[in-house]
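J.: Using only what follows, build the 3D model:
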Amino acid sequence: MPAFLAGLVFAFYPAFQGQLGAGHTGLLVLWPVPLYLLALLRASQSERPRWSWIFGAGALFAISLWGSLLLLLYIVLPVTALFLLCLLVRRCWRGVLWGLLGLALG
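T.: Here you go, the predicted structure:
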């Protein structure tokens, strides 16, 4: 409930409405990125393939690019690369495999 209330206040805040009125929809198209990262994290932590999280990561990866291709270059790609690099350093090969599978599906 507190998160919903905070989102409601943010959505109706005059600065946000002013941005939308000017046609700047960049704030709206960022919603799938945290969910994509959550799906990647959940998929990489499992010992066996959790297909719901893998398909979710793929779908959210594709949805996160609907807003702008710049989101791929400045947000999704660097964070995904850092996440997979951390998994490689920890030698979590299954996590890397599930993450790459989710990316390939997207």
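J.: Arg48 versus Leu71, what's the distance?
T.: 31 Å (Cβ to Cβ, to the nearest Å). Where you see a C-beta, it was placed from the backbone N, CA and C, and this is true even at glycine.
J.: Among the two, which residue is more densely surrounded?
T.: Applying other Cβ atoms under 10 Å to Leu71 and Arg48 shows that Leu71 carries more neighbours, namely 18 against 7.
J.: Check which helix or strand the more buried one maps to.
T.: Element membership for Leu71, per DSSP states H and E: helix 69-71.
J.: what's in contact with the next helix or strand after that helix?
T.: Per DSSP H and E, helix 69-71 leads on to helix 77-89 as the next helix or strand towards the C-terminus. The contact list for helix 77-89 (Cβ atoms under 8 Å, 6 or more residues apart in numbering) reads Val33, Leu37, Leu40, Leu41, Ser44, Phe61, Gly95, Val96, Gly99, Leu100, Leu103.
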